[in-house]
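> predicted model and sequence below, questions to follow.
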Amino acid sequence: MKVLAVIIAHPLRKISGATNAGRELSIATANLVDLELAIMWDRDEVFTIGKLKVWHVRCTNPLSAAASWLPRSALVPLYDSPIPKVIQKGDYDLVHIHNLIPAFAAERVARACRRRNIPYVVSAHGFNEQSRYAQLNGFGRFKSALADVAVMRPFRRIVKRAAAIFALSDCEGELLASLGVDDDRVHLVTNGVNEFYLEPPAPAEVVAVREKFAIGFGPRLLFMGSLHAYKGVDVFLQSLRDVRGPFQAVVAGQFKSDDERVSLLRKAGIDGGAVPRLVFTGAVSDEELRALYHLTDLFVYPTRGDTFPLVVLEAMASGLPVVSTTVGGVPFVVGPEQGALVPPGDPRAVADAVNALLVDPERRRRMGESAKAKIRERFRWSASAKRAVEGYRIVLERWRSSREKNQPSSEPSAGERAPC
């Protein structure tokens, strides 16, 4: 079995949860089968990670000359790469696609598979977000119509023709059914946690992060995310008005601009006096993020649209209880023993859940221990890789069986047989 894993991405956002998940699963799966990884990137390069050969494949865009003054929404759908040519020239038995934005680029990969008559499977990274793309991004009628053409239609075509969908949780049945995916095409291959977050940070890393971001010693709340609107950072900020007692709130992640941050604070009704110990870290390294997980007391992530957020796994692996929402695969990971879930878009419900945990340190401690144990036992990339390989085998067996049934028989018909 020879497999090509493909991560669809674009230079404006090379690093994302889907990119990280696709890479980590590929690294683990390469220990079990012959697997290579191609990632859309901003340059061409080839290297290895363990047993995995990785191709960074340079993206192209017909509007690149005007990129400095065009909006991101106009550029993203048009990024493409030569990955379909890699499939055409390769000797792969199966292609595993991660992430479907830019959707046109993803569809060209799927089309290359069909031309080579090899099956492709798709991991459900971002399915929840992509199926509600216009709604989650707050698009009006015109942008919604464009999103339908550039995102939704190719997304549905790719999913419809996939040999299998690798669901990230058991919470996706209704969504996949709405996309026309039969149960027999669904395989459960969850995300795992990067082993890096299962190890505690060095004391010096903790001290450096505490000093760099002025992290105090009282109860501390942490939000970490890409800071897109659907991630719920606005809900987090609004909830702080109703959080009782002294606390510090930390927002980790990079805003597009300082104006965006100020606008969010204004909309949340927060000024320096309302939350005097509110910290914005900006972009953080992996080492800094791990230290932040260990410096804070509660991870608050009121997402509106995630499918299976890796940051929740990382926080739990670090021993943090979680306050999040009943969205996507979050309930698959966070049970009542590990945290509290509330409806999306409800700042007061977030504040109530936070208040209930802030006054009960012993409960937080038990939840954090349960969270860490659950991640160690159930959400490791090595286990996910085994499930992926089993899915590959089932798909290939069905594919070969289907091809044999559809091939014309070489045996002559009764009227053509020579007499005995």
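Looks like it arrived, so ask away. Residues are numbered from 1 along each chain as shown.

> low pLDDT regions in the stretch 51-200 of the chain?
Nowhere does the stretch 51-200 of the chain drop to pLDDT under 70.

> again, only this time at 90
61-78, 126-148, 150-151, 170-173 (pLDDT under 90).

> over to the stretch 301-420 of the chain?
Looking at the stretch 301-420 of the chain by pLDDT under 90, you get 305-307, 400-420.

> in it, which spans are helices?
Under the criterion DSSP state H, counting those that start in this stretch, the stretch 301-420 of the chain contains helices at 310-317, 330-333, 347-358, 361-378, 381-406.

> off-centre distance for the first one?
When you say that, I think you mean helix 310-317. Relative to its chain's centre, helix 310-317 lies at 12 Å (Cα atoms, centre = their mean, to the nearest Å).

> which elements pack onto it?
Applying 3 or more Cβ pairs under 8 Å, 6 or more residues apart in numbering; DSSP states H and E, one finds that helix 310-317 makes contact with helix 17-29, strand 220-224, helix 286-295, strand 298-301, strand 322-325, helix 330-333, helix 361-378. C-beta coordinates here come from the backbone N, C-alpha and C atoms, glycine included.

> let's see 10 Å
helix 17-29, strand 220-224, helix 286-295, strand 298-301, strand 322-325, helix 330-333, strand 339-342, helix 361-378 (3 or more Cβ pairs under 10 Å, 6 or more residues apart in numbering; DSSP states H and E).

> next, the angle from that helix to helix 17-29.
60 degrees (axes from the mean of the first three to the mean of the last three Cα atoms, to 10 degrees).

> just the buried positions in the strand or helix carrying residue 250, please.
Under the criterion of DSSP states H and E, residue 250 resides in strand 248-252. By neighbour count on 16 or more other Cβ atoms under 10 Å, the buried set for strand 248-252 is 248-252.

> and the helices of the stretch 301-420 of the chain, which is most packed in?
helix 310-317 (a mean of 26; mean count of other Cβ atoms under 10 Å).

> residue 121 belongs to a strand, doesn't it?
Yes. Under DSSP: H, G, I helix; E, B strand; the rest coil, residue 121 sits within a strand.

> neighbours of it, just the number please.
The local packing of residue 121 (other Cβ atoms under 10 Å) involves 25 other residues.

> any idea how far residue 161 is from it?
11 Å (Cβ to Cβ, to the nearest Å).

> please identify every residue contacting each of those two.
residue 113 (Cβ atoms under 10 Å, 6 or more residues apart in numbering).

> give me the element residue 207 is part of.
If you go by DSSP H and E, residue 207 is part of helix 203-212.

> hmm, residue 192 is touching residue 310, no?
Yes. At 8.9 Å, residue 192 counts as touching residue 310 under the criterion of Cβ atoms under 10 Å.

> need the nearest residue in space to residue 50, chain neighbours excluded.
Leaving out its chain neighbours, the residue that sits closest to residue 50 by Cβ to Cβ, 6 or more residues apart in numbering is residue 27, at 5.9 Å.

> thought residue 110 was touching residue 116?
No. Between residue 110 and residue 116 there is no contact under Cβ under 10 Å: 11.1 Å.
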